[in-house]
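S.K.: For reference, the sequence and a predicted model appear below.
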Amino acid sequence: MKKTKLVSIHGGHSGQFCNHAKDTLEEIIERYIEFGFGWVGITEHVCPISNELRYPDEVISGIDVTTLAQRFMEYIRTCRYLQKKYQNKITILTAFETETYSGYREFIPSMVRQFQPDYIVGSVHHVDDICIDYSKEYYDGVADALGGVDKLYCRYFDIQYEMLRAIEPSVVGHFDLIRIFDTGYLERVHHPEIWNRIIRNLDLIRRRQITMDFNLRALIKGASEPYISAPILSEAKKMGISVVPGDDSHGVSDIGVNMEYGVDILKSRGFDTDWHKPRVLKYD
């Protein structure tokens, strides 16, 4: 039987370029090589637009937006260097992960033009400029401001839809991250006002031929299943959407964790495990 190739479409956050990660980018790439990965997308977070939109851990550390922009520039340079250095051992794709805070519709395309990544991962971490996956306190605060968790889900999937249309990423990251602090998510996603938005977003993903990240980091953080959850994964399969595993690694110790389990889930659901690389961006 043909062995399934190890890949990660969304990985490689490092302590060198991300406050909530560990280890150097080269150490992380060396571990991917050690584990026999065929290809990996390195997808560091884009730098923020302003000091007001920094991640909470960046605020605590006192790093300002100018320093973060310089660090992001160094990330791209370093990743391109390592991409060439290890090209005979692994295929590295230099990418970055987007945000959806105020101003991103203009900011992200400008960053793509400036840095010319191989692809971008379209992710939603912010709802109305608040980072909803940083803590339950932040999550609950946004939910209360919107009128409840159902409203938060609706707002999240509306922001995601707008992002997918506005910047046309090659990959959508952790599609249902909104369930991160919601123990009742399996029932909630079927509420008509939420489910209709999920189907709408999936249909756009299908039409734009965007790949979905099957994000295994959820398991490290205590979730019972990866992002994408089972009912949404079933719909993605029905629509013929490409789903590819991503370890969303934030250090050497995360690499490949739960990968076999995730691949088994995708195999059992009938997904193609001859993994397709994300659509690589072309530049003039």
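M.R.: Ah, there it is. Numbers count the residues shown, from 1 in each chain.
S.K.: Could you list the low-pLDDT ranges of this structure?
M.R.: 1-2 (pLDDT under 70).
S.K.: what packs against the longest helix along it?
M.R.: Taking DSSP state H as the criterion, the chain has its longest helix at helix 65-85. The contact analysis (3 or more C-beta pairs under 8 Å, 6 or more residues apart in numbering; DSSP states H and E) places helix 65-85 against helix 25-34, strand 39-45, strand 91-97. Using the backbone N, CA and C atoms, a C-beta is placed for each residue, glycine as well.
S.K.: cutoff 7 Å now
M.R.: Counting contacts by 3 or more C-beta pairs under 7 Å, 6 or more residues apart in numbering; DSSP states H and E, helix 65-85 packs against helix 25-34, strand 91-97.
S.K.: Dihedrals phi and psi, L164?
M.R.: With angles defined as degrees, to the nearest 10, L164 sits at phi -60, psi -40.
S.K.: Please read the previous query as pertaining to Y55.
M.R.: Dihedral angles of Y55 (phi, psi; degrees, to the nearest 10) stand at phi -60, psi 150.
S.K.: Run through the residues that contact it.
M.R.: Residues in contact with Y55 (C-beta atoms under 7 Å, 6 or more residues apart in numbering) are N19, C131.
S.K.: taking the helices and strands packed on helix 65-85 together, which one is wrapped up most tightly?
M.R.: strand 91-97 (a mean of 22; mean count of other C-beta atoms under 10 Å).
S.K.: now it against helix 25-34, angle please.
M.R.: On the basis of axes from the mean of the first three to the mean of the last three C-alpha atoms, to 10 degrees, strand 91-97 is oriented at 130 degrees to helix 25-34.
S.K.: What are the buried residues along stretch 133-152?
M.R.: Going by neighbour count (16 or more other C-beta atoms under 10 Å), the buried part of stretch 133-152 is D133, Y134, Y138, Y139, V142, A143, L146, V149, K151, L152.
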